[in-house]
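# sequence plus predicted model, see below.
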Amino acid sequence: MPTDQPPPSLSSLPALPSLPASPLLRGLPPVVCAGTRVLILGSFPGVASLRAGQYYGHPQNQFWRILQALWPQHAQPASHDYAGRCAWLLARGLGLWDVYAACEREGSLDADIRHARVNDFAGLRAALPALAAIAHNGGESFRHARAVRASLERGPGAGGPMDAAAAAGIASLRLPSTSPAHAAWSFERKCQAWADALAPYR
């Protein structure tokens with residue numbers, strides 16, 4: 001039976017409970033040395049990598065397999081020897097870090113990253129006197145290539161502030177993501193792209 005009472009206003013309706021904010025996740029420290037010529041940048045470690053405290057710790061991530069394919073004459077330590085793998089990588093003139101120092105994210109997908117904070121590349125520059133290239137592992141990392149280069153220009157070099165001319169000598173490379181989420185490319189196609197990009201620095 002109809003009534004003459006007006007519908008309740010929005011202000012009189014009970015408020016919906018707010019969703020809890022995702023916890024702030026913090027990334028891993030850089031794996032670099034004075035001999036690092038190519039700094040490989042991911043976006044941010046996935047859940048498996050954060051739990052293990054290791055870069056590319058997901059067993060289906062193809063990162064370590066691709067590097068072994070590029071240097072078949074140098075046996076890579078087994079997956080349980082992470083410290084050995086890092087030493088092996090450094091001996092090849094490579095280094096590891098991520099674009100983001102911290103972020104909020106549910107799961108491991110780059111598309112779910114929120115409120116990200118970019119790493120201090122200017123502060124890292126002094127530790128990398130031989131740096132010749134930044135290799136971005138995937139599109140999310142490469143999205144920040146220009147900002148990374150700008151940070152390098154501001155960073156102190158081995159003998160003082162690094163100027164734009166010196167930064168211009170550091171290449172920015174876009175590499176196909178080694179993540180299992182990037183399944184559009186075969187392992188062989190990814191290997192070839194990585195081999196072509198890294199050839200001048202091997």
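Here it is on my side, so go on.
# helix or strand for Ala83, which one?
Applying DSSP states H and E as the criterion places Ala83 in helix 82-91.
# off-centre distance for whichever helix or strand comes after that helix?
Remark: after helix 82-91, the chain's next helix or strand is strand 94-98, criterion DSSP H and E. Offset of strand 94-98 from its chain centre (C-alpha atoms, centre = their mean, to the nearest Å): 8 Å.
# just checking, what packs against strand 94-98?
Judged by 3 or more C-beta pairs under 8 Å, 6 or more residues apart in numbering; DSSP states H and E, strand 94-98 is in contact with strand 38-42, helix 82-91. No exception for glycine: its C-beta is placed from N, CA and C like everyone else's.
# now it: average pLDDT?
Averaging pLDDT along strand 94-98 yields 97.
# so for that strand, what gets flagged as buried?
Buried positions in strand 94-98, judged by neighbour count with 16 or more other C-beta atoms under 10 Å: Leu94, Gly95, Leu96, Trp97, Asp98.
# so what strands line up beside the following helix or strand past that strand?
Proceeding N to C from strand 94-98, the next assigned helix or strand is strand 100-104, under DSSP H and E. Sheet pairing here is set by DSSP bridges, and for strand 100-104 it gives strand 24-26 (antiparallel), strand 114-118 (antiparallel).
# follow-up on the earlier one: out of the helices and strands packed on strand 94-98, deepest packed?
Mean neighbour count (mean count of other C-beta atoms under 10 Å) peaks for strand 38-42 among these, with a mean of 25.
# that one packs against which elements?
Contacting strand 38-42 under the criterion 3+ C-beta pairs under 8 Å, 6+ apart are the following elements: strand 94-98, strand 133-137.
# helices or strands up against the helix holding Ala83?
strand 94-98.
# with just CA atoms, put the strand it packs on into CSV.
The C-alpha coordinates for strand 94-98 follow below in CSV (Å, rounded to 0.1, in the frame of the first residue of the first chain):
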residue,chain,number,x,y,z
LEU,A,94,75.3,-7.2,-14.1
GLY,A,95,73.4,-5.7,-11.2
LEU,A,96,69.8,-5.9,-9.9
TRP,A,97,67.4,-3.5,-8.4
ASP,A,98,63.8,-2.3,-8.9
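# strand 133-137 and that strand, what's the angle between them?
Counting by axes from the mean of the first three to the mean of the last three C-alpha atoms, to 10 degrees, strand 94-98 points 50 degrees away from the direction of strand 133-137.
# by mean pLDDT, flag the weakest helix or strand of this protein.
Using mean pLDDT, DSSP states H and E, the weakest-scoring helix or strand in the chain turns out to be strand 160-161, at a mean of 46.
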